[in-house]
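Student: pasting the structure only:
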């Protein structure tokens, strides 16, 4: 958790308001889908909206945990990551409650 939070704080230092922009994109994505999703899908969506890429993608973990603590999403277990450079590593599969 400390690594995610440090990465998110670093993203804010590099791109003012990054956590706010990322969280807004996360919520928007969660509201728009009834299907289970992974944080990487939100990341791709956010980048298409113009949210800058953080220096460390662990920053997205802090955003996902914020949405979970807010009761907007819940974990459905794990699924293999889709990004080719991730070698199908298992990552959290989220479901929106919205």
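Tutor: That came in fine, so what should we check first? Keep in mind that this is a model prediction, so the values were computed, not measured. Numbering: from 1, shown residues only.

Student: do I have it right that residue 72 meets residue 28?
Tutor: No: contact between residue 72 and residue 28 fails when scored by CB atoms under 8 Å: they sit 10.9 Å apart. To be clear about C-beta, it is placed using only N, CA and C from the backbone, and glycine gets the same treatment.

Student: packing partners of the lengthiest helix in the chain?
Tutor: Looking across the chain with DSSP state H, the single longest helix is helix 18-32. Judged by 3 or more CB pairs under 8 Å, 6 or more residues apart in numbering; DSSP states H and E, helix 18-32 is in contact with helix 2-14, helix 39-49, helix 59-69, strand 90-96.

Student: what's the angle between it and helix 39-49?
Tutor: Interaxial angle, helix 18-32 versus helix 39-49 (axes from the mean of the first three to the mean of the last three CA atoms, to 10 degrees): 110 degrees.

Student: residues in contact with helix 18-32: which ones?
Tutor: With contacts defined as CB atoms under 8 Å, 6 or more residues apart in numbering, helix 18-32 is touched by 8, 11-12, 15, 37, 41-42, 45-46, 49, 51-52, 54, 59-60, 62-64, 66-67, 72-73, 94, 96, 98.

Student: one step back: looking at residue 72 and residue 28, which one has more neighbours?
Tutor: Using other CB atoms under 10 Å as the criterion, residue 72 and residue 28 rank with residue 72 on top: 18 against 13.
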